[in-house]
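Asks: Okay, predicted coordinates and the sequence, questions at the end:
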There are 2 protein chains.
Amino acid sequence: MERIYIKDLKNHAGEDVLIKGSVDTLRDQNKIVFLIARDISGIIQTVVLKDCPDFEIAKEITEESIVELTGLVKEEAQAPSGFEIEVKTIKVLSVAAPELPIPVNTKKGGEETNINSRLDYRFIDLRKPEKTKIFKTWTSLERGMRSYFEDNNFLQIYTPSFMNTSSESGAEVFEVNYFDKKAYLAQSPQFYKQMAISSGLEKVFIVGPVFRAEESFTTRHMTEFTGWDFEMGYINDHNDLMKTEEEMLQRGFEQIKKDNPEIEIEIPQTPFPKISIKEAKEKLSEAGVKSEKEHDLSPEEERTICEIVKKETGNEFVFITDYHISIRPFYHMRNEENPELTKSADLLYRGIEITTLAQREHRPEILEKQAEEKKMDLKSLEKYFEFFKYGCPPHGGAGIGPSRIIMKLLGYENVKEVTFLPRDVNRLEP
Amino acid sequence: MERIYIKDLKNHAGEDVLIKGSVDTLRDQNKIVFLIARDISGIIQTVVLKDCPDFEIAKEITEESIVELTGLVKEEAQAPSGFEIEVKTIKVLSVAAPELPIPVNTKKGGEETNINSRLDYRFIDLRKPEKTKIFKTWTSLERGMRSYFEDNNFLQIYTPSFMNTSSESGAEVFEVNYFDKKAYLAQSPQFYKQMAISSGLEKVFIVGPVFRAEESFTTRHMTEFTGWDFEMGYINDHNDLMKTEEEMLQRGFEQIKKDNPEIEIEIPQTPFPKISIKEAKEKLSEAGVKSEKEHDLSPEEERTICEIVKKETGNEFVFITDYHISIRPFYHMRNEENPELTKSADLLYRGIEITTLAQREHRPEILEKQAEEKKMDLKSLEKYFEFFKYGCPPHGGAGIGPSRIIMKLLGYENVKEVTFLPRDVNRLEP
């Protein structure tokens, strides 16, 4: 008999079926056992009557054990889904220990367990049906993102984690014992994707881990997380990058909706609103939010500007543009008309920054001058400067934090909640 | 004017066009300059005549500089593609230094440059048009693989690189200075993907880097490479895994063909041939190949068995099944009828192993017994054993090395040739 997923049982009323899943809840009423079964698609009430040959198994089984059940699908007004299964056979595939370290079922207070205990037993924490949505959303968002890139002739590349120098800043980088020398873990694929442009690959995207040795204990930082990056050659300026990103994200959101009708999601309208940081600061000042840093937004300012823009435009995304050179890295291209400003932008979504994008400076003499101004160690950048000396198209790109998008989309308050197995200063397991 | 890709110029004969790309080759014939232009899609001959206002630019430009050219597309029997562009304007976007550290054009002996020099200047090495195929093939193979997984309800997960213990073996693992303690880089997502099954995610796939601190100097080893993994719950046995993998690979090959008509590729027939290692050894013995290890295949045996199977069946893939427990890890499930054998297989393609797959032992008492037999450190596996104590479906999965597939498919002899920026014992840059 072929396995039926629980969500599809409604199409099998009056039929004998086979289901496979976990024993979510047991209610032993002496002559009848109610066994609530759970698979990745849903939950169903089953009843095991005394004349069932496997009645004794139902009596002895533990919650969270894995079973195969066969039985008859019946309409039953009192069952939560309007259906139940009258069980004919039970086969136990895996026996769960009677005491679980953390509860599975939200009815039993699962979410009240503190986050650290839940993460310690992440493989039990994730059994809660609403948590499956996290991975369905990730999978669909990436599927949509990729379909956009594929339709637009981007090539995927994998960039290495191991570097021989500590990429951008030197600080906050993990050191690896690499045979008889030291290696460092890439904080971003920034330089590599620029190299791809110099290689003539024209448009590339990258999906992979990035590593930050920051002693941060916030709800939006981890020491290792998944980064999405793209880089495009022959752009006119950073407006081309904003267009690519908004269209890519719109496609991702459409894919989530298409694949998961059960997830509530609003498709963002494109183009996304764009305001300069100067305008943003003015709006924030009008709203009575005090500016902490002249050229940058604090977390509170990010939240408030998103609320303001949402009220004004209905859009939950907003690009903040025209950042001052003082808070941008040396390789951001400067605005010809106002060389204090960079051709860069941040994208905010529901109150949090999810992207930094910029056109890069591809002219080696200017790039070196800008690095010098920023007091960078020019010697350590020699190899980087080389990418631009043998012909390199004008280009730019973006780095995107998908876990922040998923967190905000699903209403979680910590990126760790939407990460399969998060890593932070104190957490290296499970 | 909108940019036209070089491969599409044939549809624009008689029109004025704009192209963007590199100056591949210059031939200055005094009153006329032949400028061969290259973009990611192809190569075209352009001619700059003396009366062109930008004639002097053409005279002074260097090879590998980046340009925008406008001009008229003309049929020209003597041009290699049957077309050429009569140039009207030239705009230089990036000036290349006159001397390149390695040659770009194969006509000038590019591939004769030794691999280390080419890898040192990988961003120039990859400009050779045939190298673009590497990334087109990767992108399409992954696209096809993903479409198969998505159609079959697999969820994508990202697993961490950082671990607090040295996963499977303890040897050959990179150590990271992690704040005031040590972390280790995952050699495979093996344990994590099993955890996903215990989490109730049922079917998952993973794409990401894996790290091996092996002092190997072969043409098929790197210290960091991209691994593809999948894991499936509720399988009957390893035959389900072989079916999934062969269908996934077939889909990937179909996608390569569909996206890249210029790449010669044969779509493999499914099901792939399957022979036990015992049968393989018999066939090899008949063919006069000496067996080095009783239960495993040497590189030479892998090559020869592929040739034999190809001759017999026409298929370039072959599953070798029924490996002996002595050469398989403790967590491979054993065959009930012959407990000396595991429910595992390797997949070979064109003479090289590209996959190991197996059903895993999910019954904690048997798993612990098998670990004990293999003299594993049970203490360090305690957390792993926990995944199976609270209900875990029967499951299994595969780890796939896509760089080996691409290498063999495109006829390269070293995995480094098909890796964007390879890393090995001696190489940490560029």
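Replies: Now that the structure is in, tell me what you want to look at.
Asks: Contacts for stretch A:231-240 next, please.
Replies: Contact with stretch A:231-240 is made by A:193-194, A:196-197, A:201-205, A:241, A:244, A:321, A:333, A:343-345, A:357-359, A:393-397, B:3, B:20, B:93, as judged by Cβ atoms under 8 Å, 6 or more residues apart in numbering or on different chains. C-betas here are computed from N, CA, C, even on glycine.
Asks: now stretch A:149-161
Replies: For stretch A:149-161, contacts defined as Cβ under 8 Å, 6+ apart pick out A:185-186, A:189, A:192-193, A:196, A:201-209, A:211, A:230, A:244, A:248, B:132, B:135-136, B:138-139, B:142-143, B:161, B:209, B:211, B:224, B:226, B:419-423.
Asks: Name the helix or strand for the residue of chain A positioned farthest from its centre, please.
Replies: Using Cα atoms, centre = their mean, the residue of chain A lying farthest from its centre is residue A:51. It sits 49.1 Å away. Using DSSP states H and E, residue A:51 sits in no helix or strand.
Asks: same thing with residue A:73?
Replies: Here residue A:73, judged by DSSP H and E, is contained in strand A:66-75.
Asks: Now that we have the contacts of stretch A:231-240, which of them are buried?
Replies: Burial by neighbour count, 16 or more other Cβ atoms under 10 Å in any protein chain shown: within the contacts of stretch A:231-240 this picks out A:193-194, A:196-197, A:201-205, A:241, A:244, A:321, A:333, A:343-345, A:357-359, A:393-397, B:20, B:93.
Asks: one step back: show me what contacts the residue farthest from the centre of chain A?
Replies: Taking Cβ under 8 Å, 6+ apart as the test, residue A:51 contacts no residue whatsoever.
Asks: same thing with residue A:259?
Replies: With Cβ under 8 Å, 6+ apart, residue A:259 has these contacts: A:136, A:139, A:140, A:143.
Asks: Run a quick neighbour tally on residue A:292.
Replies: Neighbour count of residue A:292, defined by other Cβ atoms under 10 Å in any protein chain shown: 11.
Asks: Could you report the neighbour count for the residue lying closest to it once chain neighbours are set aside?
Replies: In this structure, residue A:292 finds its nearest non-sequential neighbour in residue A:298, 4.6 Å apart by Cβ to Cβ, 6 or more residues apart in numbering or on different chains. Counted with other Cβ under 10 Å, the neighbours of residue A:298 add up to 14.
Asks: and if you look at the one 3 residues further on?
Replies: With neighbours defined by other Cβ under 10 Å, the count for residue A:301 comes to 24.
Asks: Quick check: phi and psi at it.
Replies: Phi and psi for residue A:301, reported as degrees, to the nearest 10, are phi -60, psi -40.
Asks: After the strand or helix carrying residue A:318, which helix or strand is next?
Replies: In this assignment (DSSP H and E), residue A:318 forms part of strand A:317-321. Of the helices and strands lying after strand A:317-321 in sequence (DSSP H and E), the nearest is strand A:344-349.
Asks: just to revisit the earlier point, what angle separates the strand holding residue A:318 from strand A:344-349?
Replies: 160 degrees (axes from the mean of the first three to the mean of the last three Cα atoms, to 10 degrees).
Asks: Just the C-alphas of strand A:317-321, formatted as CSV.
Replies: C-alpha atoms of strand A:317-321 as CSV (Å, rounded to 0.1, in the frame of the first residue of the first chain):
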residue,chain,number,x,y,z
PHE,A,317,10.7,47.3,2.1
VAL,A,318,12.7,50.5,1.7
PHE,A,319,16.1,51.3,0.2
ILE,A,320,18.1,53.9,2.1
THR,A,321,20.5,55.5,-0.4
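Asks: Can you pull out the residues in contact with that strand?
Replies: Taking contacts as Cβ under 8 Å, 6+ apart, the residues outside strand A:317-321 that touch it are A:238, A:242, A:246, A:249, A:268, A:272-277, A:280, A:297, A:305-306, A:309, A:344-349.
Asks: redo that, cut-off 6 Å
Replies: Under the contact criterion Cβ atoms under 6 Å, 6 or more residues apart in numbering or on different chains, strand A:317-321 has outside partners A:242, A:268, A:272-274, A:276-277, A:280, A:309, A:345-349.
Asks: Can you select the buried ones from those in PyMOL?
Replies: Applied in PyMOL, the following selects the buried portion of the contacts of strand A:317-321 according to 16+ other Cβ under 10 Å:
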select buried, chain A and resi 242+268+272+273+274+277+280+309+345+346+347+348+349
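Asks: Export the contacts of strand A:317-321 as a markdown table, with columns for pLDDT and distance to chain B.
Replies: Converted to a markdown table, the contacts of strand A:317-321 look like this (pLDDT from 0 to 100; distance: Cβ to the nearest Cβ, whole Å):
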| residue | pLDDT | distance to chain B |
| --- | --- | --- |
| A:242 | 98 | 19 |
| A:268 | 97 | 22 |
| A:272 | 98 | 24 |
| A:273 | 98 | 27 |
| A:274 | 98 | 23 |
| A:276 | 98 | 27 |
| A:277 | 97 | 29 |
| A:280 | 97 | 32 |
| A:309 | 98 | 30 |
| A:345 | 98 | 22 |
| A:346 | 98 | 24 |
| A:347 | 98 | 21 |
| A:348 | 98 | 24 |
| A:349 | 98 | 20 |
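Asks: ok so, going back, of all the contacts of residue A:259, which two lie farthest apart?
Replies: A:136 and A:143 (10.5 Å; Cβ to Cβ).
Asks: Quick check: next helix or strand after the strand holding residue A:73?
Replies: Following strand A:66-75 in sequence, per DSSP H and E, is strand A:83-94.
Asks: can you tell if that following strand touches chain B?
Replies: Yes - contact of strand A:83-94 with chain B (Cβ under 6 Å from any Cβ of the partner chain) involves A:93, A:94.
Asks: tell me what that strand is packed against?
Replies: Identification of packing neighbours for strand A:83-94 by 3 or more Cβ pairs under 6 Å, 6 or more residues apart in numbering or on different chains; DSSP states H and E yields strand A:42-49, strand A:66-75.
Asks: Can you tell me which of those is nearest to residue A:412?
Replies: Checking the helices and strands packed on strand A:83-94 against residue A:412 by Cβ to Cβ gives strand A:42-49 as the closest, at 21.8 Å.
Asks: What strands flank that closest one, and is each parallel or antiparallel?
Replies: Strand A:42-49 pairs in its sheet with strand A:32-39 (antiparallel), strand A:83-94 (parallel), by DSSP bridges.
Asks: can you list the residues that contact that strand?
Replies: A:6-7, A:32-37, A:55, A:58, A:79, A:84-87.
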